[in-house]
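1. Here you go, sequence then predicted model.
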Amino acid sequence: MTTSPYTSQSAFDGSRMRVTLLVDLHEGAQQEFLDAYEQMRDRVASVPGHLGDQLCQSLENPSQWLITSEWATAPPYLAWVNSDEHFETVRPLTNCVRELRSMRYGIVRETGGGARPGIGGLQAAARVGDGVTRHALTFTVKPGSESKVAEILAGYAPPQARVDDATRLRRTTLFMHGNRVVRTVEVEGDLMAALRHVSRQPEVRAVEEALNPHLEQHRDLSDPESAKAFFARAAMPAVHHVARGGPEPDDITRRALYYPARPGCGMALARLLSRQDETAAADPAGPVHRSTVFQREDIVVRLIDVRGDPETDPVLALGIHGPRKPAVLARLLDGAALGMAGPLTGEREATRLLAHADMSLITDRRAAQS
């Protein structure tokens with residue numbers, strides 16, 4: 001949905017979605033691939049929100065396949081695709097696939113059929129974005145290594161911004177909250193091409209190797225399976241983005257806020273923050289110029305570009321406003337994971353929560369002319 005004077009891209013608009021996987025197989029792997037698919041589809045069929053799928057083979061190139069699936073709405077798909085169960089389900093495909101590309105679409109128009117009770121509808125309007133794709137990675141480091149990790153992450157030379165004629169790395173920002181690291185990236189063009197480009201840069205590879213001894217989850221970057229498993233579990237997609245139109249104010253500050261949810265409440269927490277950001281974006285006097293909500297399971301991170309000092313209006317900076325919203329947030333939030341001594345009881349507690357949720361900025365790198 002897009003409403004003047006701001007732009008909004010959201011996984012919570014209630015529309016059905018289509019997921020497309022373009023698969024290029026190794027030669028001779030067709031039967032292994034089909035066997036793996038048969039095992040996988042039975043598990044996927046039982047996932048809430050899954051409506052059906054198709055497996056198609058190219059008429060021109062037998063090694064190229066297409067898998068499409070339809071979902072009632074985006075949230076159940078995102079919950080599934082970011083789970084450990086999903087990772088284990090698709091693992092048998094790894095040996096068969098030379099290259100795989102995933103694309104996700106909201107359904108805007110269709111012929112035939114009509115409304116289906118209990119199933120998401122069509123996307124209300126074409127989304128209008130700002131030409132930038134946002135993504136995040138999150139992982140934890142061994143307690144006691146936080147200062148060393150911050151030093152490693154702050155000290156490396158930035159990678160080359162230009163990927164190809166169509167893709168450019170625009171901005172990379174890193175934050176820490178305790179022993180949790182969050183790395184956000186903004187890309188103009190093809191996100192996957194940009195991520196592959198960054199992973200090949202010598203400066204970035206050196207940083208990743210330097211981080212290895214400090215990670216809580218072991219990884220071996222020389223082993224493709226180990227590296228793929230780590231980054232798959234670290235991926236934290238953007239589920240909502242809203243931005244005001246017009247030029248960026250001069251007094252913008254970039255912040256990140258960490259919202260650990262109670263078990264099973266991550267999606268509900270992300271939805272609450274997203275709806276609150278929609279409301280705040282309609283207020284031209286509000287402090288938040290731009291906000292992106294990232295979510296993976298019960299970890300929610302909100303990246304905000306704030307005008308002025310957020311402490312002057314901590315309620316809006318936190319993404320909560322209204323007489324009952326702090327209490328709703330308190331029911332969804334794992335205060336103990338934030339190190340809070342007691343629950344959030346009202347708006348007067350917003351300053352205390354802001355102090356606990358605020359992440360430490362490690363580095364913020366912009367490409368030239370971004």
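-> Sure, I can see it.
2. so residue 297 sits right up against residue 263, yeah?
-> No. Here residue 297 lies out of contact with residue 263, judged by C-beta atoms under 8 Å, at a distance of 9.2 Å. In this view, the C-beta of every residue, glycine as well, is placed from N, C-alpha and C.
3. the more surrounded of those two?
-> residue 297 (17 against 8; other C-beta atoms under 10 Å).
4. can you pull the contacts of that one?
-> With contact set as C-beta atoms under 8 Å, 6 or more residues apart in numbering, residue 297 has these partners: 79, 82-83, 266.
5. repeat that with 6 Å
-> residue 266 (C-beta atoms under 6 Å, 6 or more residues apart in numbering).
6. per-residue pLDDT, it?
-> Looking at residue 297, its pLDDT stands at 91.
7. if I look at it, how far off is residue 219?
-> 19 Å (C-beta to C-beta, to the nearest Å).
8. and if you look at residue 93?
-> Taken as C-beta to C-beta, the span from residue 93 to residue 219 is 20 Å.
9. where along the stretch 151-300 of the chain do the strands fall?
-> Remark: strands assigned in the stretch 151-300 of the chain by DSSP state E, counting those that start in this stretch are 168-177, 180-188, 235-244, 252-260, 288-296, 299-307.
10. Check the burial of residue 79 by counting its neighbours.
-> 19.
11. Check the one 5 residues further on too.
-> Using other C-beta under 10 Å, the number of residues around residue 84 comes to 10.
12. related to what we said a few turns ago, name the stretch among the strands of the stretch 151-300 of the chain that sits most buried.
-> strand 288-296 (a mean of 25; mean count of other C-beta atoms under 10 Å).
13. what angle do that strand and strand 235-244 make?
-> 160 degrees (axes from the mean of the first three to the mean of the last three C-alpha atoms, to 10 degrees).
14. name the helices or strands packed onto strand 288-296?
-> strand 235-244, helix 266-281, strand 299-307 (3 or more C-beta pairs under 6 Å, 6 or more residues apart in numbering; DSSP states H and E).
15. CA atoms of that strand as PDB?
-> Extracted as PDB, the C-alpha positions of strand 288-296 are listed here (Å, rounded to 0.1, in the frame of the first residue of the first chain):
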ATOM      1  CA  VAL A 288      11.200   9.300  12.500                       C
ATOM      2  CA  HIS A 289      12.000  10.100   8.900                       C
ATOM      3  CA  ARG A 290      12.600   6.500   7.800                       C
ATOM      4  CA  SER A 291      12.100   3.100   9.500                       C
ATOM      5  CA  THR A 292      12.800  -0.500   8.500                       C
ATOM      6  CA  VAL A 293      11.600  -3.500  10.600                       C
ATOM      7  CA  PHE A 294      13.700  -6.700  10.300                       C
ATOM      8  CA  GLN A 295      12.500  -9.900  11.800                       C
ATOM      9  CA  ARG A 296      13.700 -13.500  12.200                       C
END
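16. in its sheet, what does that strand sit against?
-> Sheet pairing of strand 288-296 (DSSP bridges) gives strand 235-244 (antiparallel), strand 299-307 (antiparallel).
17. What mean pLDDT does the first one get?
-> If I follow you right, that is strand 235-244. 90.
18. And the contacts of that strand?
-> Counting by C-beta under 6 Å, 6+ apart, 6-11, 134, 136, 138, 270, 274, 277, 281, 289-296 sit against strand 235-244.
19. how far does it sit from the chain's center?
-> 7 Å (C-alpha atoms, centre = their mean, to the nearest Å).
20. Can you check what angle separates it from helix 266-281?
-> 20 degrees.
21. Outside of stretch 146-164 itself, list whatever touches it.
-> 141, 168-169, 174, 179, 193-194, 197-198, 201, 203-204, 207, 210, 214, 362-363, 365, 367.
22. Which positions within it qualify as buried?
-> 146, 149-150, 152-153, 156, 159, 161, 163 (16 or more other C-beta atoms under 10 Å).
23. quick one: terminal-to-terminal distance for it?
-> For stretch 146-164, the separation between the terminal residues is 35 Å (C-alpha to C-alpha, to the nearest Å).
24. The chain: helices as residue ranges?
-> Listed in chain order, the helices of the chain (DSSP state H) span residues 30-45, 74-81, 84-90, 146-155, 191-200, 202-211, 224-234, 266-281, 314-318, 325-332, 350-357.
25. The last one - what's its average pLDDT?
-> Mean per-residue pLDDT for helix 350-357: 73.
26. tell me what that helix is packed against?
-> Using 3+ C-beta pairs under 6 Å, 6+ apart: helix 350-357 touches helix 314-318.
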